[in-house]
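>>> model the following, please.
(one chain, ligands or ions: 4)
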Amino acid sequence: SAKSAGRNRSAVFSGTLVAIARERLEVEVGLRSAVPENQLQLLYQPIVHLPTGRITGAEALLRWHHPERGLLTPAAFLDVAEETGMIVPIGQWVLGEACRQLAAWDAAGHPADVDLHVNVSVRQLVEGGIASAAREALSASGVAAERLCIEITESALLAGDDATSELGAVHECGVRLALDDFGTGHSSLSYLRQLEVDVLKIDRSFIDGVGTDEHDTAIVSAIVRLAETLGLTAVGEGVEDEAQAQALRDLGCDQAQGFWCAPPLDAASYETLLRRQADGEPVVACGGLAPG
Ligand code: C2E
Ligand code: MG
Ligand code: MG
Ligand code: MG
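Ligands and ions are numbered 1, 2, ... in the order given. From the prediction side, this is the model:
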């Protein structure tokens, strides 16, 4: 009957809710040991200067080696980490590890002009005291503040005065700020004036059709012009092929990041690219150069 079908549906539905609740609890419990058990890892995705094809730095991207489920990307655990506040100690680990790795590359003789981008979520900003966490990580590693760039999404700009003043404090100590996934949030452009942002990362969704879809191309073009006018660096995110890279170059976009150059790499593989670059080999196909 319709009634029992309805009962079955709600039984299935609550069964699903139970499964979701159990899954979240498992993630939460597991995350508690992720830092102490050394299960977290940073991967490094190169960011490339489009006119020359040179690597300018990398974005650090978090991975969790789950003891049973294997390698997890942030999509599998970031929400839970945020909701439980565990993102605060995790974020401190990320900052410390990123700076430690940068100092290790310097010590290995790599040119000191490559920077490192680190993602910070809204909850980390204020609760995590990001400015002092960054200062601590920098002084422990001896890395210069300008080498570090903190990526936030537009939602951080809407999170209130505490978040805004925390970002001001970050900028004050010389760390640069990037607006991530730019163009997808709801913030007003006036925030770009109030806040000392240095980098605009153009969201992947607009890069998809750059050079082929006229609307995507127009939006990317407008963001690049905006960045230019405000004296900011524009970075295209999620660039997957040379056609997109060339379209960005034609629009005057400074930098690009994406599978076109490299996926997120472990520290050793990223270091290999830096070494090839130092040896004068092109790292990406660019400006008529053959692929390296
Ligand atoms: P995001 O900061 O926008 O990072 C870019 C994401 O796009 C990364 O996903 C990267 O692997 C992926 N990607 C890079 N190139 C391409 C491409 O050419 N095509 C496609 N389809 N994807 C590409 P990932 O590593 O899964 O990270 C997802 C998000 O998780 C990040 O987005 C960032 O918001 C967040 N995240 C990553 N690491 C951290 C962290 O240490 N702390 C915090 N709070 N958030 C992090
Ligand atoms: Mg990012
Ligand atoms: Mg992004
Ligand atoms: Mg994102």
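
>>> so in the protein, which strand runs the longest?
The longest strand of the chain (DSSP state E) is strand 54-66.

>>> got the buried residues for it?
By neighbour count on 16 or more other C-beta atoms under 10 Å, the buried set for strand 54-66 is 54-64, 66. C-beta coordinates here come from the backbone N, C-alpha and C atoms, glycine included.

>>> try stretch 40-47
Quick answer for stretch 40-47 (16+ other C-beta under 10 Å): 40, 42-47.

>>> need the strands for the stretch 101-250 of the chain, in chain order.
Per DSSP state E, counting those that start in this stretch, the stretch 101-250 of the chain carries strands over the ranges 115-119, 148-153, 176-182, 199-202, 233-237.

>>> export those strands to a markdown table and tack on mean pLDDT, mean neighbour count and distance to ligand 3?
Output for the strands of the stretch 101-250 of the chain, formatted as a markdown table (pLDDT from 0 to 100; neighbours: other C-beta atoms under 10 Å; distance: least, C-beta to the ion, whole Å):
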| stretch | mean pLDDT | mean neighbour count | distance to ligand 3 |
| --- | --- | --- | --- |
| strand 115-119 | 98 | 21 | 8 |
| strand 148-153 | 96 | 23 | 7 |
| strand 176-182 | 95 | 22 | 4 |
| strand 199-202 | 96 | 26 | 5 |
| strand 233-237 | 98 | 25 | 5 |
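
>>> just put these in TSV and tack on distance to ligand 2.
TSV is the format used below for those (distance: least, C-beta to the ion, whole Å):
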stretch	distance to ligand 2
strand 115-119	5
strand 148-153	4
strand 176-182	4
strand 199-202	6
strand 233-237	8
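
>>> doesn't Gly280 lie inside a strand?
No - remark: Gly280 does not belong to a strand; assigned using DSSP: H, G, I helix; E, B strand; the rest coil, it is coil.

>>> tally of neighbours for it?
By the criterion of other C-beta atoms under 10 Å, Gly280 has 6 neighbours.

>>> same check on Gly231?
Applying other C-beta under 10 Å, we find 7 residues neighbouring Gly231.

>>> quick check: residues of the stretch 151-292 of the chain near ligand 1?
With C-beta under 6 Å from any ligand atom as the criterion, the stretch 151-292 of the chain meets ligand 1 at residues 151, 180-181, 237-240, 258-259, 264.

>>> what do you get if the cut-off is 8 Å, keeping everything else the same?
Proximity of the stretch 151-292 of the chain to ligand 1 (C-beta under 8 Å from any ligand atom) is limited to residues 151, 153, 180-181, 201, 203-204, 237-240, 257-260, 263-264.

>>> looking at the buried residues of strand 54-66, which is nearest ligand 3?
Nearest to ligand 3 out of the buried residues of strand 54-66 is Glu59 (C-beta to the ion; 8.4 Å).

>>> so for that closest one, what's the pLDDT?
Note for Glu59: predicted pLDDT of 98.

>>> what sits opposite it in the beta ladder?
As for beta bridges, Glu59 partners with Gln45, His117 under DSSP bridges.

>>> now the residue sitting nearest the centre point of the chain: how far from Gln45?
With distances taken as C-alpha atoms, centre = their mean, the chain has Asn119 as the residue nearest its mean C-alpha position (4.6 Å). Here Asn119 is placed at a distance of 11 Å from Gln45 (C-beta to C-beta, to the nearest Å).

>>> what is in contact with those two at once?
Common neighbours of Asn119 and Gln45 (criterion: C-beta atoms under 8 Å, 6 or more residues apart in numbering): 59, 61.

>>> that'll do, ta.
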